[in-house]
Structure formats: C-alpha cells, structure tokens
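*Asks:* My questions concern the predicted model and sequence given below.
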2 protein chains.
Amino acid sequence: MSVTAASGFEAGGLGCGIKPGGHPDLAIVTTSDRRAVPAAGVFTQNRATAAPVQISREHLAGGHATAVVLSSGNANAATGEQGRADARRMAALTGAGLGCDPSDVLVCSTGLIGYFMPMDALESGIPRLTADLNGADAAADAILTTDTVRKEAVAIVAGTPAVMGGMAKGAAMLAPSMATMLAVITTDAALDSGPLHAALTRAVDDSFNQLCVDACTSTNDTVLVLANGRSGVAIGDDRSLGAFTDALTEVCSSLAEQMARDAEGATKLARITVRGARSVEDARRAARSVAASQLVQCSLNGEDPYWGRVLSELGISGAAFEQERVEIAYNGVVACRSGIAASDDPSGLEATMKSPEIHIECDLHSGEEMATMLFTDLSHAYIDENRGTS
Amino acid sequence: MSVTAASGFEAGGLGCGIKPGGHPDLAIVTTSDRRAVPAAGVFTQNRATAAPVQISREHLAGGHATAVVLSSGNANAATGEQGRADARRMAALTGAGLGCDPSDVLVCSTGLIGYFMPMDALESGIPRLTADLNGADAAADAILTTDTVRKEAVAIVAGTPAVMGGMAKGAAMLAPSMATMLAVITTDAALDSGPLHAALTRAVDDSFNQLCVDACTSTNDTVLVLANGRSGVAIGDDRSLGAFTDALTEVCSSLAEQMARDAEGATKLARITVRGARSVEDARRAARSVAASQLVQCSLNGEDPYWGRVLSELGISGAAFEQERVEIAYNGVVACRSGIAASDDPSGLEATMKSPEIHIECDLHSGEEMATMLFTDLSHAYIDENRGTS
C-alpha cells in the first residue's frame, strides 16, 4: 500500500496502451478529499527537461497539489510545444476525472525520449483510472519500465503517529534506457511547502543523489511529496522537522537501495565510502568518481580487487589528498595502505570479491568528512539492455 | 622510423622480462650525440601520479633532456618511495649506458598499478639496450600494452626542412586496463624549452585531450618532446612557432586517432562535434559529456540512432543552450531539429548507423564556438578486456 500508507490518500494504476501488450503504464495518486495540500518537488538538473517536468514545476509554483498523474513507456521528452500541450492535457483529464483544478495536478512521465505521447491512449485511460482508483500496488506497478520489481517504502515520523509512504521507479544508472527515476511520497504530517521542500531536498541529497551520477540528471527525474496533515501531527519546530526529515530520508534511501538492487544486468551491489576527506564536497566528488568508473565497474564484474583503479579514480576526482596516505579496503579487507599494496590477507581479499555485495572503503586521511554512494558492476547484460530502443 | 625521423636521434627496444614470454617491454629514445637538448612534457592531471611521472617532472625542471627510457607491463604507480627509487635507478642505468647525466634522462612506465618494478629485469635489460639501439620500430613496439598495433607519426614544419616524428601507446578509454597513454616526439627544429612547452600544451589540448575524458587522467599519462636543433631551422617569431605548433599538432592528432582506431573491443570509431556553443569551454564540455556517456556508447554498439540520449548528455554537460534550438545529425543525416525528432530521412539514418565510423554533429545554435572529440562504442569485449588484471 506504500504510497497510500498515510491516511487520506488514494492511488491506482492500469494499462492504457502507451506500452504494447496492455502492460500497466498509467498511475494516479491523489488526496482522498481532492483538496490541494502542501507539496514539494525535486527535479532533474538537466537543461533538456522533459515536458512533464516543465509543467509540474509550473503547477508547483504555489506550493500545493491535489494529485499526481504518472505514465511509463514514453518520456514525453524532446517533444517541444506539443509535449507541453500533451502534459497539460494529462493534468486537465486528471483534474476533470477527480474533480479538482488541473493546475493542482502534477505530471510525471518516463520512457523513451523523442516521441510524442499517444494521447488517444491517455484520453480514454485517465477517465477510466480516475473512476476506479484500485490501490497503491497497481500504481507502483504502472510506473515501472525496465524495472523487474515494484519499489515501495513506508516510515513513521519518530515519536508521532504521522506516517509517510512512497513508490518509485528506476534502476539506477544501470538501466536508464527508459529514462529515468520517478518517486512519489505522501504523508499525513502537517507542514507547509517551505519546510516540506527543505526536508525533501535534504532527503534526496542523502539518498537518490548518492545512488550514482547519472541517476539524477536525466531528462525526467522527479521526486514529489504531498503532505495532507490528516494525522494532526504538526511539524513546526526544529526537532519535529528533524524527525520528519529523518523519516523522509529513510523512505528515500529505501527506494534508492531498491533501485540499485534492481539494476538490470548487475551482478554486484557496490557501496563506496570515502572517509577522511577535507570537505563533504571532496568526499562526495571522490565517491562519485569511483562509482561512475567503467573500469572499477568492470573489475567488480570480474571479481578482481584491483584497488589501483580506485586510487586512480580518487586521484582524478578533484578531491584534495596525498596519495601516500590513502587506505583502501574491500569488505573490510585492506588492499592498499599508505598508497601502496598491503597484502594483509590476500586469500581473504580474493574470497570476499565473490560476495554479491562489495563495500569499498577509502580513507584519504586528509580530514574528517565522509560520503557514501551506491553503484553496481558493469556487465554484458547492461550493454544488451541499452544497445537498442526496442 | 618515426621517433627517429628527425635527424640526430636514435632509439631501440627489446624484451627484458617485465612482461612474461619475452614480449618487448623496454624502449629508449636518445639524442645521437648524447647532448641534453631543449625538452618539454605534459603530464597527467591525476593527483595519484606514478613514480616515473614524479621523476620525469623533476628531471625536466631545467627544460633539457638527453634521453627517455620507457617500460611497459608495470606502471610503477602506487609504489611510494620504493617506486621513486626504482624510477631513479632506471634513469641512472640509462645514463650510465648512454654516457649522459642521469638527471637528463626522463622515465615513462605503463602497465598495472600497484606492483613494484621487477628491477632485476631492468638491471640487465637497460645496459643491453643502450649497447644496441636497434631502431625506432623496436622502440614503438616495446611501449605497447593492450594495443594491437604500433602507433607512429611524422610531420614537416611547413616551409622548412625541419622534421618531427613520434611514437605512442594507448588505446583510448576503451582499453586503459594497462594504464595509460604515453607519447615521445623528437624534432630537429631549434627552439628553447619555453616555446617548446607552449607548443606542446597547445598540441596536446587539440589532440590527445580530445580523445576522451579518461585518456588523459590516469596515473601515468605523459607526452614528451625533445628538440635537438640539428636541422638549423630556428623557431623564433610567431609565424615559425605557428608552423611548428601545427606540425606538432598534426603528429599528436595522428597518434590520437591511431589510439582511437585501436581501442580494444570497439566496433565503431565515433566523432562528436559540437557547434554553436557560447564558448569553447562549453563546446568541449558538451562534446566530452556525449563522448563519455555509456548510454551513447551502447547505442552506437547497437547501431541505434537514439539522439534522445545525445540531447540528454548535452543537457547535463553544464553547457548553456536552449533545448528547443538543438540540431543533431548522424553522418550528415539530421535526426533532431529544434529539439524534437526530425524524420527527414529515416531509412538513410538507419543505414548510416551501419558504418564503422559515426560522426555525430550537434548544433546548439547559441553561439559561434565548436569542439570535437573522438570516442568509440561500448562492447562486450571492452568488459572482457577489463574484468581482470591477468
């Protein structure tokens, strides 16, 4: 039930014909009373934003929303004026069906870039769906593309009865052929869009943005949160906002990890932690450089603890450090100390590389800051997944 | 003969036992009279520099050099104090054999990161090689790692009898498992190390640095040029320096293209040109973003003209542009105009993707600047090449 775990929300999904074969491809999440509630969004930093991103930003300007309509199979990206008209039409159809103002409807689409939306499918599908909101699971299914499993998460705001729940699609950088990642989270906590946006920005930064470089920069990436206040739990002071942000981060982190685990073609779930950096920015830069490295990814695919590549990626990341202080470990087995090979436990090192989860820890010994990112190996299956659009 | 095409230079190569099976792995290039001549180098920007890079920088401080000793199979990177002592010993052995000051010997190594040099092999190999400099081809063979062919180039300084010639190893980002790229160029033109360095920096920027992001940032990347003045052609005024720089760029560009063509596992040689950018920096950033994209590389491997991914990479590059002005063409066939699909010639587009060379041209229509980069597709063979170190 995830995205409707908080009281006062409804959702549903169905197949309307965007994807072939009747696969689920249309979802709606709405407040049960169709009232507009405080809402916030974090969108892709890509200059080439998809039409639904442009329209959702516009509709979110006032900080409120009633519903979100989401489609999968077609990204409605690189579609110009026609794409914006189509995204507006999706909001209008949803508003008409639910009985709310179209400008209170946010729009998300995911799928292939460069094709106009098959609006016939949406003209008939949206009214059918608004007439029968068949539940959160159906909604969570309908937003998937190359994903193999539904992604849902729920958390409680500590010390309160307030609940939040979310759903997402996305398979990290490992399968963005159907650009991109989307997430919708609802909560019955009561707070304004200002603090809601601050909490969301923080939570996304500590979760989806640590998944990998590419995951947050495609044309359609969107994370939305709606807060209807139904629990009566008011988020006002710093302490309650802290608890709220923690719960939101928990939901986002769970969804991000589910994405990494579902990365198409991946055989390893990898985590890179960089410690001892001079600044958080340096730590993130270094972690990102390792996570995004095709060579490090290939080594993981081959179960080869080639720490030299990790050191090289740290070196080009722009982070400040002395190479001869660096320590690198795989699943706790030290492979490099003081910047040179450390043969503490060669057979242990070899053995641990067979694990499906690899945690690479790097200590730069240059400061106190740290960062972590999730990534995966690079496999033949990744290439096969992304060679073509069909 | 390449690296000895200019008069007054000698070279040779042999297998000394760094690589198994007696494969060529040691090369020397020297002035014929063992005199130190003006020299310049451009090195990796990586903070984790290999020992030979550190020693070569030190030895180049005075702007002169007599010889270069190069080894392949072991990068002497991430080897700390021992690595520096070993690189110094390689210079000392070379100086002793050639009869020149060890501080006039530059050192380059390429191969696996994190292993100490097998100095026994070098202790016997360097004297053997200095006693029998068997030619430029043997030298060019001895610096290869995953390369399948020797890389050599020669050019004339326009309007003069001055010659330059070079050799290189490297297979672009497509096979840097044996980090990295090396190039040595010699010329009989006469100029000081100041203008020589300026010309080299410019030439590298317009050649190797346009090969791809990774090619110039590993632990060992080095490009060296030695100018012995033997032709009597003095490079003094702006005009002659321009002609000299052009010739140097020609040699570097030829070597860079040979690297791209030899990229292991690649099935396509790709060129991305970005025009109409507001600044050269923006054009380069945009071209680099496309060239480095795993998704674009996968599309090329699948012969799929998925321009949406190109647009998305332009969008995250940081370059300034309006997406609805962008034009994208593959080998001259327009696939996207005004930021949306252009179906001028769908069958021509499909047909041209089968070509072994793909030129992607993007016009941002936002300014007057342009940049070009070479890259390749991403294949199963790339992963196989880079899964393990053995």
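*Replies:* On my side now, so go ahead.
*Asks:* Confirm for me that residue A:141 is in contact with residue A:14.
*Replies:* No. Look at residue A:141 against residue A:14 with CB atoms under 8 Å: they stay out of range, at 9.4 Å. For every residue, glycine as well, the C-beta is placed using N, CA and C.
*Asks:* Not counting its neighbours along the chain, what's nearest the residue of the stretch 1-150 of chain A found nearest chain B?
*Replies:* Closest residue of the stretch 1-150 of chain A to chain B, CB to the nearest CB: residue A:113 (2.7 Å). Sequence neighbours aside, residue B:308 is the residue nearest to residue A:113 in space, at 2.7 Å (criterion: CB to CB, 6 or more residues apart in numbering or on different chains).
*Asks:* List the contacts of the one you found.
*Replies:* Applying CB atoms under 8 Å, 6 or more residues apart in numbering or on different chains to residue B:308 gives the contacts A:75, A:77-78, A:112-114, A:179, A:219.
*Asks:* next one: residue A:89
*Replies:* By CB under 8 Å, 6+ apart, the neighbours of residue A:89 are A:119, A:122.
*Asks:* And for residue A:53?
*Replies:* Residue A:53 touches A:43-44, A:219-222, counting by CB under 8 Å, 6+ apart.
*Asks:* By neighbours, which of the contacts of residue B:308 wins?
*Replies:* residue A:77 (33 neighbours; other CB atoms under 10 Å in any protein chain shown).
*Asks:* now that one, what's its secondary structure?
*Replies:* coil (DSSP: H, G, I helix; E, B strand; the rest coil).
*Asks:* Quick check: chain neighbours aside, which residue is closest to it?
*Replies:* Excluding the flanking residues, the one nearest residue A:77 by CB to CB, 6+ apart is residue A:50, at 3.5 Å.
*Asks:* burial measure for residue A:109, as a count.
*Replies:* Look at residue A:109: counted by other CB under 10 Å, it has 34 neighbours.
*Asks:* So what sits opposite it in the bridge?
*Replies:* Beta bridges link residue A:109 to residue A:71, judged by DSSP bridges.
*Asks:* give the contact list for it.
*Replies:* Applying CB under 8 Å, 6+ apart, we find residue A:109 in contact with A:50-52, A:70-72, A:74-77, A:87, A:117, A:220.
*Asks:* Can you tell me which of the residues you listed has the most neighbours?
*Replies:* residue A:50 (35 neighbours).
*Asks:* Output the contacts of residue B:308 in JSON lines; the columns should cover pLDDT.
*Replies:* Listed next are those as JSON lines, based on pLDDT from 0 to 100:
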{"residue": "A:75", "pLDDT": "92"}
{"residue": "A:77", "pLDDT": "93"}
{"residue": "A:78", "pLDDT": "93"}
{"residue": "A:112", "pLDDT": "88"}
{"residue": "A:113", "pLDDT": "89"}
{"residue": "A:114", "pLDDT": "92"}
{"residue": "A:179", "pLDDT": "47"}
{"residue": "A:219", "pLDDT": "84"}
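*Asks:* ok, back up a step: how far away is the residue of the stretch 1-150 of chain A closest to chain B from residue B:295?
*Replies:* Separation of residue A:113 from residue B:295 (CB to CB, to the nearest Å): 11 Å.
*Asks:* Can you pull the residues that touch both of those two?
*Replies:* Counting by CB under 8 Å, 6+ apart, the residues touching both residue A:113 and residue B:295 are B:309, B:312.
*Asks:* I'd assumed residue A:262 was in contact with residue A:148.
*Replies:* Yes. If you go by CB under 8 Å, residue A:148 and residue A:262 touch, sitting 5.7 Å apart.
*Asks:* Have a look at the two and say which one is more surrounded.
*Replies:* The neighbour count for residue A:148 versus residue A:262, taken as other CB under 10 Å, is higher for residue A:262 (23 against 11).
*Asks:* Please report phi then psi for the residue nearest to the spatial centre of chain A.
*Replies:* Computing the C-alpha centroid of chain A and ranking residues by CA atoms, centre = their mean puts residue A:208 first, at 4.5 Å. Phi and psi for residue A:208, reported as degrees, to the nearest 10, are phi -60, psi -40.
*Asks:* Check residue A:297 too.
*Replies:* Per-residue torsions, residue A:297: phi -60, psi -40 (degrees, to the nearest 10).
*Asks:* for residue A:209, same thing?
*Replies:* Torsion angles, degrees, to the nearest 10, at residue A:209: phi -70, psi -10.
*Asks:* Could you dump the contacts of residue A:109 into TSV with distance to residue A:185 added?
*Replies:* Output for these, formatted as TSV (distance: CB to CB, whole Å):
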residue	distance to residue A:185
A:50	20
A:51	23
A:52	17
A:70	13
A:71	19
A:72	18
A:74	24
A:75	21
A:76	22
A:77	23
A:87	21
A:117	25
A:220	17
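*Asks:* Flag the least confident of those.
*Replies:* Within these, pLDDT reaches its minimum at residue A:220, with 86.
*Asks:* Could you say which helix or strand holds it?
*Replies:* Counting by DSSP states H and E, residue A:220 is held by no secondary-structure element, helix or strand.
*Asks:* just residue A:16 next, same as before
*Replies:* In the assignment (DSSP H and E), residue A:16 maps to no helix and no strand.
*Asks:* who touches it in this structure?
*Replies:* Residue A:16 sits in contact with A:25-26, A:71, A:121-122, A:124-126, A:128-129, where contact means CB under 8 Å, 6+ apart.
*Asks:* quick one: which of those residues sit in helices?
*Replies:* Residues of these located in helices (DSSP state H): A:121-122, A:124-126, A:128-129.
*Asks:* List only those of those residues flagged as buried.
*Replies:* Neighbour-count burial (16 or more other CB atoms under 10 Å in any protein chain shown) applied to the ones in helices among the contacts of residue A:16 gives A:121-122, A:125-126, A:129.
*Asks:* Just send the residues you listed back as CSV, with distance to residue B:375 and pLDDT too.
*Replies:* Shown next, in CSV, are these (distance: CB to CB, whole Å; pLDDT from 0 to 100):
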residue, distance to residue B:375, pLDDT
A:121, 38, 98
A:122, 38, 98
A:125, 41, 98
A:126, 42, 98
A:129, 44, 98
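*Asks:* mind showing which ranges of the stretch 201-350 of chain A have poor pLDDT?
*Replies:* Applying pLDDT under 70 to the stretch 201-350 of chain A flags residues A:212-217, A:264.
*Asks:* returning to what we had before: what strand or helix carries the residue nearest to residue A:113?
*Replies:* According to DSSP H and E, residue B:308 maps onto helix B:307-316.
*Asks:* So which elements touch the helix or strand just after that helix?
*Replies:* Once the chain leaves helix B:307-316, the next helix or strand it forms, by DSSP H and E, is strand B:327-330. Identification of packing neighbours for strand B:327-330 by 3 or more CB pairs under 8 Å, 6 or more residues apart in numbering or on different chains; DSSP states H and E yields helix B:307-316, strand B:333-337, strand B:357-363.
*Asks:* got a list of contacts for strand B:327-330?
*Replies:* Residues outside strand B:327-330 that contact it (CB under 8 Å, 6+ apart) are B:305, B:307, B:310-311, B:334-338, B:342, B:349, B:352-353, B:358-363, B:365.
*Asks:* which of the residues you listed are close to chain A?
*Replies:* By CB under 8 Å from any CB of the partner chain, the members of the contacts of strand B:327-330 lying near chain A are B:307, B:311, B:336, B:338.
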